[in-house]
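> pasting the sequence and the predicted coordinates here, then a few questions.
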Amino acid sequence: MAINYYSPKKELEIAENIFKTNIDGLYYIKYKKFIDDRGFFSQILEPERIKAAGINPNFQIKQVNLSVSRSKIARGIHTEGWNKLITIVEGHAFCALADVRNDSPTYKNVEYFDFIADPNNEWGESLYITKKIGNSVCAVEGPMHYLYGVDMLYHERDKKDDLAVSIFDPDLNIQWPFPKEELIISQRDIDSITLKELYQEN
């Protein structure tokens, strides 16, 4: 099955280069790269853009984290009790975002993103992920560097919001870029549960 990757459309634009997705609280953001013969410069992880767009008027980045993955490593589906702004700064990443909030109008919706950190592309890409949205990432080509800023310090977060949903949940039916047996995942993700188990659905 072909993967239907997200593509920003003008009718989804809520502010300059900021777009809605089919998940409530998930936004796709483009940022400009200024390229010359030395490389490029760009401004990323900008809270003021989130505020100005009316997405979260109180968004402040309190901590910046970096995750590095080799090819075929998959991480997720994870939720946390913080809002975050992410971008891929190295490598090629497959990102699958899933609405795992059973009180959300877009519950069980999945959105796919194909992010390639190409230094010759004049545009970079980010996502703003509202807390409790399930996020996962797979390194299509590593090393893949996943940079994200969050609005809460790690030790201050509410641990009850930390959740791992199975990346193979049949209700989400995520179309991974590699066969299941080739993906490299952590023991936490191996032991993760499905949405039916989480919410005790029939």
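Structure's in. What do you need?
> count the residues that sit near the residue lying closest to V165 once chain neighbours are set aside.
Using CB to CB, 6 or more residues apart in numbering and skipping the chain neighbours, the partner closest in space to V165 is I77 (4.3 Å). (Each C-beta comes from the backbone N, C-alpha and C, glycine too.) Residues lying near I77 (other CB atoms under 10 Å) number 27.
> and the strands in this structure?
13-15, 18-20, 26-36, 39-42, 63-69, 74-79, 84-98, 110-116, 123-129, 134-150, 163-164 (DSSP state E).
> can you put the ones you listed in JSON lines and add mean pLDDT and distance to I55?
JSON lines is the format used below for the strands of the chain (pLDDT from 0 to 100; distance: least, CB to CB, whole Å):
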{"stretch": "strand 13-15", "mean pLDDT": "98", "distance to I55": "8"}
{"stretch": "strand 18-20", "mean pLDDT": "98", "distance to I55": "8"}
{"stretch": "strand 26-36", "mean pLDDT": "96", "distance to I55": "6"}
{"stretch": "strand 39-42", "mean pLDDT": "94", "distance to I55": "20"}
{"stretch": "strand 63-69", "mean pLDDT": "97", "distance to I55": "19"}
{"stretch": "strand 74-79", "mean pLDDT": "97", "distance to I55": "18"}
{"stretch": "strand 84-98", "mean pLDDT": "98", "distance to I55": "10"}
{"stretch": "strand 110-116", "mean pLDDT": "98", "distance to I55": "16"}
{"stretch": "strand 123-129", "mean pLDDT": "97", "distance to I55": "6"}
{"stretch": "strand 134-150", "mean pLDDT": "98", "distance to I55": "14"}
{"stretch": "strand 163-164", "mean pLDDT": "95", "distance to I55": "23"}
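> pipe those into a markdown table and attach distance to K180 per row.
Formatted as a markdown table, the strands of the chain follow (distance: least, CB to CB, whole Å):
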| stretch | distance to K180 |
| --- | --- |
| strand 13-15 | 36 |
| strand 18-20 | 31 |
| strand 26-36 | 25 |
| strand 39-42 | 36 |
| strand 63-69 | 17 |
| strand 74-79 | 10 |
| strand 84-98 | 14 |
| strand 110-116 | 17 |
| strand 123-129 | 25 |
| strand 134-150 | 12 |
| strand 163-164 | 17 |
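> coming back round to it: touching, the residue nearest to V165 and I133? I think so.
No - I77 lies out of contact with I133 (CB atoms under 8 Å); the separation is 9.6 Å.
> bridging residues for Y31?
G124 (DSSP bridges).
> which residue of the protein sits farthest from its center?
D37 (31.0 Å; CA atoms, centre = their mean).
> bridging residues for the residue positioned nearest the centre of the chain?
With distances taken as CA atoms, centre = their mean, N135 lies nearest the centre of the chain, 5.0 Å away. On the basis of DSSP bridges, N135 is bridged to H78, L97.
> what residues are up against it?
N135 sits next to 76-79, 86, 95, 97-98, 129 when contact means CB atoms under 8 Å, 6 or more residues apart in numbering.
> many thanks, we can stop here.
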